[in-house]
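could you look at this predicted model? Sequence included:
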Amino acid sequence: MNEQSHPAGARRKWRRGLDPLVGSLVVWIIFLLFLAPYLYLIVWSFKHPGDIQAYPPRFFSPLTLLNYRQVFEDVNISFYLRNSTIVATATTLLSVLLAIPAAYSFARFRFWGQDWLAYLLIAIMVAPLIALVYPFLVMANQLGLNDTHLGLIFFYLPWNVPFAVWMLRTFISDVPQELEESARVDGCTLLGAFGRITMPLLLPGFFTTGIFIFIGAWNEFVIAFFLTSTKARTLPTTIDFFLTYGSFQFAPMFAAGVVGTLPIAVCALLVRRYYLAGTTAGALKG
Amino acid sequence: MRGTATNALAATRPSAGRRRSLRLWLPYLCLVPAVIASCGVLLYPTLRMFQYSFLNWSFGKSYETAEWDGLANYQWLITSQSSTLFHSLRLTLVYAGTSIVCELVLGLAIAVLLNRRHVFGRQVVLTGFMIPTLLMPVMVGMMWRMYMYPNGMLSYFLGLVGLRIDWYTATWAMPAVILIEIWQFTPFFVISLFAGLRAISAEILEAAAIDGASGWYRFWHISMPYLRPIIVVTSMIRVLWILKSFDIVYTMFTGGPGSATEILGISIYRALFLSRNIGRSAALSVILAALTLLVTFAFVRFAYRSREVMESSSP
């Protein structure tokens, strides 16, 4: 984004020099206020357990990796990290893969019932997770999917596939159809034209859609909470368990929180250009 | 849908009748994997949810002995003294109303500040603002839970200005949830409104300034009408989010103290795992699903109409 020049109008000259400084300062103060709770979490995760709960807070106390060692050794968070990574990655890959043909169809073809099918996909996407938890539980037990990675992936698909269709549709529409047509004239098949011409241009689209699905699956709590217990438990549920079982432990939770949210903060950097498109479509996701 | 022109791609190669029928069916064939992965998985549980909502069924009672009860569950939810349905709906309304108005006002103010001519590190600020909205809701709940304890960070800073608030009481629990919501989602308004402000052509504003329009006048009569569709769409998205919110309230208060934060999602959970009444929980689920569908329908209709505006405003 380049600088947009607003007319200064009747503003006086001396104010013009001061304006950018004051404006930037105000913006940065507000910005840091918004970021403070998260920064606090990060800084405090490096403090000694005794300092963490001190009141009034000890702002300048020695830093340590103790909490992280505890989280990785006693709580064995790497196991839950592994579960989260497996489930989120598989959900991402499967959703995008299953969505490609449908997205292509919506973007390139005109067919009877198109609008209604699109509405149907949205209607599926908005189904609230919490409303379906019990039927899911029954279904998972019948299919033997309770507490398995496969079960979580299976139940994440209905929300993420329509989302992927929705996102990819826009990305495909943005690739000029003429490119594919000229490849067809040169003797490519429909699939060949898509694979050789459109696919490479879609890589940013796949990447963005994938990141958003990954974030969603990584953060998902409701299904994971009710459908896993020990073997397939993911990070959000684990973080909740610091509270539910045993005493409420501040120190390891700070560290676990940082471990669980840092990948997402990095993802935010990767998708910043598409943040609005992704969150707007993602808003519909149950 | 946007679908460009006709099936031109499939039509480039003229050939026999089999090809023509393939051309006709191809758009539908392409949909099969996605439809199976979504409808296929959801159809059965959704039908089950409907069916359960008509049953007199609770835990400890086998499915076979649960009897058909007609609309009794719905009737109970609407008429019974101990039903929390209307309480939940009212809470959701207050929750959505208060947080969205605050987020909108704050978000608009910050977006306007960000849109000034020279802002140092604008891109850094915008990217940083994306972090709160993407954070794991459970962790957000936990984080604030710790800050809002009597010896937490927030209590300390409020204490510095002489405020002592006990967030874990019936009066303050809901404001606490709303405060967290405002913290997490004001940035979302900032980013979308900023994108909208950027899309307003500088020439129009410049022309208005030359004609002598003041800053306020330009804001209310040029920028605001342009931002209106963006404001409506962003607010509707927030309503959808709030309708289905569960994670944060669950980790913060689990619906308590008492039923002070018992929003619809929590009601479903409580009906299921505290009252252990599967039928009533399913009926609540149906109500929540219907509400969500209604808002979504309005959202899609509106977003569809103002799509040009939305698309031209993405950064």
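Yep, it's here.

element containing residue 155, please.
Unless you meant another one, I'm taking chain A. helix A:149-174 (DSSP states H and E).

wait, chain B
Assigned by DSSP H and E, B:Ser155 falls in helix B:153-160.

now that helix: mean pLDDT?
On average, the pLDDT along helix B:153-160 is 86.

buried residues of the next helix or strand after that helix, list them for me.
Per DSSP H and E, helix B:153-160 leads on to helix B:170-199 as the next helix or strand towards the C-terminus. Applying a neighbour-count criterion of 16 or more other C-beta atoms under 10 Å in any protein chain shown, one finds B:172-174, B:176-199 buried in helix B:170-199. For the C-beta atoms, the positions are set from N, CA and C on the backbone; glycine is no exception.

same deal with stretch B:140-152?
In stretch B:140-152, counting by 16+ other C-beta under 10 Å, buried: B:Val140, B:Gly141, B:Met142, B:Met143, B:Trp144, B:Arg145, B:Met146, B:Tyr147, B:Met148, B:Tyr149, B:Gly152.

just checking, the first one touches B:Gln184?
Yes - here B:Val140 lies in contact with B:Gln184, judged by C-beta atoms under 8 Å, at a distance of 6.1 Å.

what's the burial count for A:Pro56?
Around A:Pro56 there are 10 other residues, counting by other C-beta atoms under 10 Å in any protein chain shown.

should've said B:Phe86
For B:Phe86, using other C-beta under 10 Å, the count is 10.

what sits against the residue of the stretch 101-250 of chain B found nearest chain A?
Closest residue of the stretch 101-250 of chain B to chain A, C-beta to the nearest C-beta: B:His118 (3.5 Å). By C-beta atoms under 8 Å, 6 or more residues apart in numbering or on different chains, the contact list for B:His118 reads A:Glu3, A:Asp19, A:Pro20, A:Gly23, A:Ser24.

which regions of the stretch 201-315 of chain B sit below the pLDDT cut-off?
For the stretch 201-315 of chain B, the stretches with pLDDT under 70 are B:304-315.

tell me which two in the buried residues of stretch B:140-152 are the farthest apart.
B:Val140 and B:Tyr149 (15.5 Å; C-beta to C-beta).

for A:Trp28, give its distance to chain B.
7 Å (C-beta to the nearest C-beta, to the nearest Å).

report the central residue of chain A.
A:Ile215 (1.9 Å; C-alpha atoms, centre = their mean).

ok, that one to A:Leu270 distance?
Distance, A:Ile215 to A:Leu270, by C-beta to C-beta, to the nearest Å: 10 Å.

sorry, back to before: ok, and does the helix holding B:Ser155 reach over to chain A?
Yes - using C-beta under 8 Å from any C-beta of the partner chain, helix B:153-160 comes into contact with chain A via B:Met153, B:Tyr156.

helices or strands up against that helix?
Using 3 or more C-beta pairs under 8 Å, 6 or more residues apart in numbering or on different chains; DSSP states H and E, the elements in contact with helix B:153-160 are helix B:137-148.

so what's B:Leu227 up against?
B:Leu108, B:Leu193, B:Gly196, B:Leu197.

among the residues you listed, which one sits closest to B:Trp68?
B:Leu193 (51.1 Å).

about what we covered before: for the residue nearest to the centre of chain A, helix, strand, or coil?
helix (DSSP: H, G, I helix; E, B strand; the rest coil).

show me the contact partners of stretch A:93-105.
Residues outside stretch A:93-105 that contact it (C-beta under 8 Å, 6+ apart): A:111, A:153, A:156-157, A:160-169, A:171-172, A:194, A:206, A:209-210, A:213, B:26-35, B:37.

Produce a PyMOL select command limited to the buried residues of these.
The buried subset of the contacts of stretch A:93-105, as determined by 16+ other C-beta under 10 Å, is captured in PyMOL by this line:
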select buried, (chain A and resi 111+153+156+157+160+161+162+163+164+165+166+167+168+169+171+172+194+206+209+210+213) or (chain B and resi 26+27+30+31+33+34+35+37)
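
for B:Gly279, see how far away the closest residue to chain A within the stretch 201-315 of chain B is.
Closest approach between the stretch 201-315 of chain B and chain A, counting by C-beta to the nearest C-beta: B:Ser285, at 3.5 Å. According to C-beta to C-beta, B:Ser285 and B:Gly279 sit 11 Å apart.

for A:Leu201, same thing?
52 Å.

over to A:Thr89?
Applying C-beta to C-beta, the value for A:Thr89 to B:Gly279 is 38 Å.

where does the prediction get shaky in the stretch 1-150 of chain A?
Across the stretch 1-150 of chain A, the ranges flagged by pLDDT under 70 are A:1-17.

nearest the middle, which residue of chain B would you pick?
B:Trp241 (1.6 Å).

isn't it up against B:Phe185?
Yes - if you go by C-beta under 8 Å, B:Trp241 and B:Phe185 touch, sitting 7.5 Å apart.

which element is the closest residue to A:Asp174 other than its chain neighbours on?
Once flanking residues are discounted, A:Asp174 sits nearest to A:Gly205: 7.9 Å by C-beta to C-beta, 6 or more residues apart in numbering or on different chains. Per DSSP H and E, A:Gly205 falls inside helix A:199-219.
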